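# predicted coordinates and the sequence they were generated for:
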Amino acid sequence: MFDVGTRKPSGRSGIAAVVVALAALGPAGGAYGDPGFDANRYMAPPLAGDGLTLERPTTLKAGTWGAAVAISHADDALRGKLEGGGEREIIEEQLWLYGFVAYGLLDRITLHATLPVPIRQVGDTRGVEGITSKLHAFAVGDLKLGTRVGIIGPPRELHPVGLALDASLFLPIGSREAFASDGKIRVRVNAIAEAILERNLFAGVTAGVLTRPQLHEAGSITGTMLQLAAAFGWRTGRDGLRLGAEANTQIPFAHSGSSYEILGVAEVGLLRGLHAAIGAGPGIGDGKQTPDFRAVARIGWQIEPRSY
């Protein structure tokens, strides 16, 4: 007989309940049939100990939870084509909030979920090719569910190289009218590596593919793309402080419009599990989703395994 008074819920059932609760926040059926696409190129890494624009080969200690919140502000985030010819900025200001939750299934395997929420978007869609609705300033983005698998690491002075794989599924619960969803399921697979070059220097890289539907909206074309990122900087022992630069690029396979961003980043680790980070920098490239400038901040909690 099932004893509800003494049996404790498993970690897997707990994260399933969180995922269901997050999914319930999305508008039912709102991802389909509305014009627009996900116009935010910022891929927020899901763990509190990650970089601000690229993942690190870290996982959560088995049986522990992690959580974080982040906020991203971008200027001139989307440029669109006008029906009468010419172009202009459709989204002049973009402010998104992110909520993250993660669970260490095993020391090497971490489950994670991310829910983005556009909380302020300033722009004008009037006269933009293929767009008839008004830009929504507050909405919900696509729910991202993923798994991080540690292969080697996390990097430490005695074993300075870390490797991991991360795979994510984007569920289209978000609003296309708010340019927060492609309206289709997306998949992202990423390889992650980091090395401690010397006691106080580190370098990291990620390489992955994001599948996207091919949409023609506002003079833009979306599609599957290659995503690359790199980081280099200075660190104190046990990563109490990390100062460096992070660069990332998105290269579409089927059309032109590559975009790049470079951020200066500062990260602080406290109490073995508390992490806080801030970063800012310019966007570069001819992609219509390339912002002029982005600033990001994040705070969160995670406990890593000491080794695998």
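Perfect, I can see it now.

# what sits closest to Leu241 if chain neighbours are left out?
Val268 (5.8 Å; Cβ to Cβ, 6 or more residues apart in numbering). The way it works is simple: take the backbone N, C-alpha and C, and place the C-beta from them, glycine included.

# the one you found contacts Ala297, correct?
No: in this structure Val268 lies outside contact range of Ala297 using Cβ atoms under 8 Å: 11.7 Å.

# so what sits against both of those two?
Shared contacts of Val268 and Ala297, defined by Cβ atoms under 8 Å, 6 or more residues apart in numbering, are found at Ala276, Ala277.

# which residues touch the residue nearest to Leu241?
Gly240, Leu241, Arg242, His275, Ala276, Ala277.

# just give the closest residue to the first one, not the sequence neighbours.
If you skip the residues right next to it in sequence, Gly240 has Gly269 as its closest partner in space, 5.4 Å away by Cβ to Cβ, 6+ apart.

# beta partners of that neighbour?
Following DSSP bridges, Gly269 is listed with bridge partners His275.

# try Val122
For Val122, the beta-bridge partners are Glu93 (DSSP bridges).

# pLDDT score for it?
Looking at Val122, its pLDDT is 88.

# same check, this time on Ser181
According to the prediction, Ser181 has pLDDT 91.

# before we move on, what SS does the closest residue to it other than its chain neighbours have?
Nearest non-adjacent residue to Ser181, counting by Cβ to Cβ, 6+ apart: Gly174, 3.2 Å away. At Gly174 the chain is in coil, as set by DSSP: H, G, I helix; E, B strand; the rest coil.

# quickly note the distance from Gly174 to Leu47.
Gly174 is 22 Å from Leu47, where distance means Cβ to Cβ, to the nearest Å.

# settle it for me: which of these two has more neighbours?
Ranked by neighbour count (other Cβ atoms under 10 Å), Gly174 and Leu47 place Gly174 first, with 28 against 25.

# in stretch 66-85, which residues are buried?
For stretch 66-85, burial by neighbour count (16 or more other Cβ atoms under 10 Å) applies to 66-68, 70-81.

# same check, this time on stretch 103-122
103-105, 107-108, 110-118, 121.
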